[in-house]
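Participant: Next input, structure requested:
(one chain, ligands or ions: 2)
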Amino acid sequence: MLEINHVSVEFASENRVLAVDDISIRLPDGSRTAIVGETGSGKSVLLLSIVRLLPRNAIVRGKIELDGENLLSADKKRLQQVRGGVVSYVPQGGGASMNPLLKVGYQVGEPLIEHKNYSRSQAVEASISLMKRFNLLNEEKLARSYPHTFSGGMRQRAMVAMGIAAGPRIILADEPTKGLDDKRVRLVADSINMLKEETLLCVTHDMSFAQAVSRDICVMYAAQQVEFGKSEEILNDALHPYTRDIINAMPENGMRYDDVGFAPAHGSYLNHSDGCRYRDRCRERSEKCVIMPPVFDVNGRKVRCWKYDSAN
Ligand SMILES: Nc1ncnc2c1ncn2[C@@H]1O[C@H](COP(=O)(O)OP(=O)(O)OP(=O)(O)O)[C@@H](O)[C@H]1O
Ligand code: NI
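Facilitator: Ligands and ions are numbered 1, 2, ... in the order given. Here you go, the predicted model:
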C-alpha cells in the first residue's frame, strides 16, 4: 500500500511556487489511479515527490508511506532499492528520456542489472521477452537497435516495459501517451492493462485514456485535488464543475481540451485567502466561493466545492 498523506511541495525560488497543495491519495495494492488535470496543475511534481526525484530547491511536506515506511525520510541507499525495484517511475516524454547512445534491449533490461543482479546478456534476453509481452514486433532486432529507430509509440511502450522490468509492485507513469495519435494511445493503454497485479498511478491529460486504464480518478486543479472517486462514476456523473468542464471538453463531446481555459497564474496561490481557485472560471460559483472550500465527502466521492456542503 502506498499512501500519499497531506503532501505539499513548494519550490523555494525567487517567487515561491506551491506546486502541490495538501494532496492525499491512498493506493491500496492492485489499485489503478489516474491523475488528470491541465498543464501546471502539479501532476508531475506529485509523482516526482514519491520517488524523491525533485530538484533540491523543492520543499516537500507531509508523508509518503510505502507499507508504513515514510519514503520522505528514507536514506539514499534505501531509495535506490525502492526506485525501480519496488516503485518504478516512467518519466514523461518516454522516447525523449531514453538514452540515444544505448541500445534499446540493454536500456529496457537495465533495471534488472541494477536490482536483480542480472548480467548484461541476461538482461537483454529478459528485455526481449518483456518487449514481446508488449507486442513491439521484431523484438530481437529492436533490442539491438538504438532508440531513434523506434517510432514514438514503440518507444513509449518500450519505456513502460523498462518501468516494469524489475517487477516493481507500484508503477508511476507520467503522461505515457503524450503526443501519440489515437491508435497508439490505445496500444499504450493495452500494454498498461496487461499489468494485472501491479498498483498503477498514471498521470494524463487525456480523460479517455484515464478511463481506459484506471479504476479511480484524481482530478487536480491549481495544485489541489478537486475531485476523487471511481472512474466510472466520475465519467458518468462528475460533481466538481471543473471535472464537468474537462469531461465536456473530451474530443467525443465535441470540444477541444484547450477550450476550457487556463489555470490561474502559478505561485499566486500560496495561501487560501483567495477562495476557490476555480472560481473565476466556474459557471456555478456562488458568494461562498470567496472562501476556500474544504474537501467534502459525497457518498465516498471527495469533492472540493461548496455545492456539496451538507450543512447547506
Ligand atoms: N524546479 C522547479 N522550480 C520551480 N517551479 C517548478 C519546478 N518544477 C515545477 N515547477 C512548477 O510547479 C508547477 C507544477 O508543475 P508540474 O510539472 O507538476 O505540472 P503538470 O501538472 O505536470 O503539468 P504538465 O501537464 O504540463 O506536465 C508549475 O507551476 C511549474 O512551473
Ligand atoms: Ni507533467
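
Participant: Any idea how many residues pack against the closest residue to ligand 2 within the chain?
Facilitator: Ranked by CB to the ion, the top residue of the chain for proximity to ligand 2 is residue 44, at 2.9 Å. Quick note: C-beta positions are derived from backbone N, CA and C, even for glycine. Counted with other CB atoms under 10 Å, the neighbours of residue 44 add up to 19.

Participant: which residues does it contact?
Facilitator: 92, 174, 175, 203 (CB atoms under 8 Å, 6 or more residues apart in numbering).

Participant: With the flanking residues excluded, which residue is spatially nearest to the second one?
Facilitator: Beyond its immediate neighbours in the sequence, the residue positioned closest to residue 174 (CB to CB, 6 or more residues apart in numbering) is residue 92, lying 4.0 Å away.

Participant: Show me where this protein has its helices.
Facilitator: Using DSSP state H, the helices found in the chain span residues 43-50, 76-85, 104-116, 120-133, 139-143, 152-164, 182-193, 207-213, 231-236, 241-248.

Participant: quick one: is the last one near ligand 1?
Facilitator: Going back to what we said before, that points to helix 241-248. No. Helix 241-248 is not in contact with ligand 1 by CB under 6 Å from any ligand atom; minimum separation 12.4 Å.

Participant: Quote the end-to-end distance of stretch 37-50.
Facilitator: Terminal residues of stretch 37-50 lie 18 Å apart, using CA to CA, to the nearest Å.

Participant: I'd like the distance between residue 127 and residue 172.
Facilitator: Relative to residue 172, residue 127 is positioned 20 Å away (CB to CB, to the nearest Å).

Participant: and if you look at residue 301?
Facilitator: 24 Å.

Participant: try residue 16
Facilitator: 26 Å.

Participant: coming back round to it: the contacts of residue 44: which two are farthest apart?
Facilitator: When CB to CB is used, the two most widely separated members of the contacts of residue 44 are 92 and 203, lying 7.7 Å apart.

Participant: So those two - more neighbours on which side?
Facilitator: It is residue 203, of residue 92 and residue 203, that has more neighbours when counted by other CB under 10 Å, with 26 against 17.

Participant: Contact partners for the closest residue in space to the more buried one that isn't next to it in sequence?
Facilitator: Spatial nearest neighbour of residue 203, chain neighbours left out: residue 43 (4.3 Å); criterion: CB to CB, 6+ apart. Counting by CB under 8 Å, 6+ apart, residue 43 touches 35, 36, 37, 174, 203, 220.

Participant: what's the pLDDT at the first one?
Facilitator: In the predicted model, residue 35 carries a pLDDT score of 97.

Participant: how near is it to residue 71?
Facilitator: Counting by CB to CB, the separation of residue 35 from residue 71 is 18 Å.

Participant: What's opposite the residue most central in space within the chain in the beta bridge?
Facilitator: Per CA atoms, centre = their mean, the C-alpha nearest to the average position across the chain is that of residue 203, at 2.5 Å. Listed beta-bridge partners, residue 203: residue 35, residue 174 (assigned using DSSP bridges).

Participant: what residues are up against the closest residue to residue 52 other than its chain neighbours?
Facilitator: Once flanking residues are discounted, residue 52 sits nearest to residue 79: 5.6 Å by CB to CB, 6+ apart. Contacts for residue 79 (CB under 8 Å, 6+ apart) come out as 51, 52, 71.

Participant: Could I get the phi/psi values of the closest residue to residue 169 other than its chain neighbours?
Facilitator: In this structure, residue 169 finds its nearest non-sequential neighbour in residue 86, 5.7 Å apart by CB to CB, 6+ apart. Torsion angles at residue 86 (phi, psi; degrees, to the nearest 10) stand at phi -110, psi -50.

Participant: count of neighbours near residue 86?
Facilitator: 17.

Participant: how much space between it and ligand 1?
Facilitator: Noted for residue 86: a distance of 23 Å to ligand 1, by CB to the nearest ligand atom, to the nearest Å.

Participant: quick one: that residue and residue 168 touch, right?
Facilitator: Yes. Contact criterion CB atoms under 8 Å: residue 86 and residue 168 qualify, at 5.6 Å.

Participant: ok, and the closest non-adjacent residue to residue 210?
Facilitator: Closest to residue 210 by CB to CB, 6+ apart is residue 34, at 3.7 Å.

Participant: neighbours around the one you found, how many?
Facilitator: 26.

Participant: give me every residue that touches it.
Facilitator: Shown in contact with residue 34 (CB under 8 Å, 6+ apart): 202, 203, 204, 209, 210, 213, 214, 216, 217, 218, 231.

Participant: of those residues, closest to residue 274?
Facilitator: Residue 274 lies nearest to residue 218 out of those, by CB to CB, at 22.7 Å.
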